[in-house]
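Colleague: Need the 3D shape of this:
(one chain, ligands or ions: 1)
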Amino acid sequence: MSTPDTHPVVLGEDAPLFEIMATTRAMRRLAPDPVPDHLLQRLVEAAVWGPSGGNGQGCRFVVVTDRETMARLADLWRVAVDWYLDTLGTVTPRAMSDAAYARMVAAIRHQRDNFAATPALIVPCYDMHVMWDPAHRAGLGGVLRRTLALGPRRVLRMAANSRMLGEGAAASVYPGVQNLLLAARSLGLAATLTIWHLGLEAEFKQVLGIPRHVRTYGIVPVGRPLGRMGPVTRPPAPEVTHRDHWGGPWQPAEGTAEGPTEGTAEGTAEGTAEVSSVVVPEAGGMDGAPSAVPPDVGAAGARPGTQPCRCGSRVNR
Ligand SMILES: Cc1cc2nc3c(=O)[nH]c(=O)nc-3n(C[C@H](O)[C@H](O)[C@H](O)COP(=O)(O)O)c2cc1C
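Modeller: Here you go, the predicted model:
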């Protein structure tokens, strides 16, 4: 399967993971051709492989390809996007230049105006009946007694910060969603995690017939990319890493500065060519080849301090 990709990442089931991670970008410009069911199934399979809190395995997925349903969702999508663009979306994110953000907004508008032609949507959900198993409810008295035994100070702090319960389901869904995004990229597809339907979640759920006890965590449009995929623009990892305590600079221990992708024995797995380290060129001019459609967001206009990601290149022969 081919993409208008200008960064030579080997695609397919054996695609090199680190390069896939370094070049999986949000892609909102999608070709309207249908995505074959076996590929959609593969994406959901990758998502199902994600971990879940307590091994609850309550993730569920609604895959939408029906044109009439897509058209109904497109109307809701437009309301959600327009609200976003008129409110939170009026401010350029700190990590982006105004020019890069303007390109992103143009891509968002393109997606809004063409949403009904989106080939497929995957809606990752969590079944809260799994989270709140009747067996848990039966044991609630025991949970309460055990919690009170922690002492009033800790109980109060726990009550004030009840994120463990609130975020448990979300944290069980998103690892699988990232698997899905990476699988899409490796299969020559593009997919973007979006959450701005959440403000209108009840209406989206109604169109999709999703019951009350099932929460949605995103809408992931999937299709063949029309824009360029390419290196993501992120801060260098050491800049956002603290050693041992907050504020401590990350300093790799002596002799361990280079990772296994730098040609060490671990980096040269059987069946792969010798590993070479590649600095991915700037997005927006990755190999100098013009693209018919601009990238959603190019690294060229990124704020100082962010950079296209450096990844090891491993080519299967
Ligand atoms: C939690 C989360 C929510 C997101 N929600 C949306 C969304 O509602 N709409 C959208 O177009 N993109 C959404 N995105 C995609 C981000 O905008 C995108 O990852 C970010 O701009 C970086 O782009 P890049 O990966 O192409 O560099 C979301 C991403 C995350 C992680």
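Colleague: Tell me if I'm right that I210 and Y126 touch.
Modeller: No - look at I210 against Y126 with Cβ atoms under 8 Å: they stay out of range, at 10.9 Å. (C-beta placed from N, C-alpha, C; glycine too.)
Colleague: between those two, which one's more packed in?
Modeller: Y126 (24 against 18; other Cβ atoms under 10 Å).
Colleague: which stretch of helix or strand covers the closest residue to that one other than its chain neighbours?
Modeller: Leaving aside its chain neighbours, Y126 sits nearest to A169 (4.1 Å; criterion: Cβ to Cβ, 6 or more residues apart in numbering). Assigned by DSSP states H and E, A169 falls within helix 163-186.
Colleague: can that helix be found next to the ligand?
Modeller: No - residues of helix 163-186 are not located near the ligand by Cβ under 6 Å from any ligand atom, the shortest gap being 7.4 Å.
Colleague: Please save the CA atoms from that helix in PDB.
Modeller: C-alpha atoms of helix 163-186 as PDB (Å, rounded to 0.1, in the frame of the first residue of the first chain):
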ATOM      1  CA  ARG A 163      -8.800  10.500  40.000                       C
ATOM      2  CA  MET A 164      -8.100   6.800  40.300                       C
ATOM      3  CA  LEU A 165     -11.700   6.000  39.700                       C
ATOM      4  CA  GLY A 166     -12.500   8.700  37.300                       C
ATOM      5  CA  GLU A 167      -9.600   8.200  35.100                       C
ATOM      6  CA  GLY A 168      -9.400   4.400  35.300                       C
ATOM      7  CA  ALA A 169     -11.600   3.800  32.300                       C
ATOM      8  CA  ALA A 170     -10.000   6.500  30.200                       C
ATOM      9  CA  ALA A 171      -6.500   5.200  31.000                       C
ATOM     10  CA  SER A 172      -7.800   1.800  29.900                       C
ATOM     11  CA  VAL A 173      -8.900   3.100  26.600                       C
ATOM     12  CA  TYR A 174      -6.200   5.400  25.400                       C
ATOM     13  CA  PRO A 175      -3.300   2.900  25.300                       C
ATOM     14  CA  GLY A 176      -5.400   0.800  22.900                       C
ATOM     15  CA  VAL A 177      -6.200   3.900  20.800                       C
ATOM     16  CA  GLN A 178      -2.400   4.600  20.500                       C
ATOM     17  CA  ASN A 179      -1.900   1.000  19.300                       C
ATOM     18  CA  LEU A 180      -4.700   1.700  16.700                       C
ATOM     19  CA  LEU A 181      -3.000   4.900  15.500                       C
ATOM     20  CA  LEU A 182       0.300   3.200  15.100                       C
ATOM     21  CA  ALA A 183      -1.200   0.200  13.400                       C
ATOM     22  CA  ALA A 184      -3.000   2.600  11.000                       C
ATOM     23  CA  ARG A 185       0.300   4.300  10.100                       C
ATOM     24  CA  SER A 186       2.100   1.000   9.600                       C
END
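Colleague: What residues of it count as buried?
Modeller: In terms of neighbour count (16 or more other Cβ atoms under 10 Å), helix 163-186 has its buried residues at 168-174, 176-177, 179-186.
Colleague: which helices and strands sit right next to it?
Modeller: Here helix 163-186 is seen to pack against helix 17-22, helix 37-48, strand 59-64, strand 120-127, helix 128-131, strand 190-191, strand 220-223 when contacts are counted using 3 or more Cβ pairs under 8 Å, 6 or more residues apart in numbering; DSSP states H and E.
Colleague: Could you dump those into TSV with distance to the ligand added?
Modeller: Output for those, formatted as TSV (distance: least, Cβ to the nearest ligand atom, whole Å):
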stretch	distance to the ligand
helix 17-22	11
helix 37-48	15
strand 59-64	16
strand 120-127	12
helix 128-131	20
strand 190-191	10
strand 220-223	9
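Colleague: which of those has the lowest average pLDDT?
Modeller: Lowest mean pLDDT of the helices and strands packed on helix 163-186: helix 128-131, a mean of 87.
Colleague: So which bits of that one are buried?
Modeller: 130-131.
Colleague: Report the distance from that helix to the chain centre.
Modeller: 23 Å (Cα atoms, centre = their mean, to the nearest Å).
Colleague: That one packs against which elements?
Modeller: Secondary-structure packing of helix 128-131 (3+ Cβ pairs under 8 Å, 6+ apart): helix 163-186.
Colleague: quick one: average pLDDT of the helix it packs on?
Modeller: 92.
Colleague: So what's the gap between that helix and the chain middle?
Modeller: The answer for helix 163-186 is 8 Å, by Cα atoms, centre = their mean.
Colleague: cool, stretch 52-64 as well?
Modeller: A distance of 16 Å separates the centroid of the chain from that of stretch 52-64, by Cα atoms, centre = their mean.
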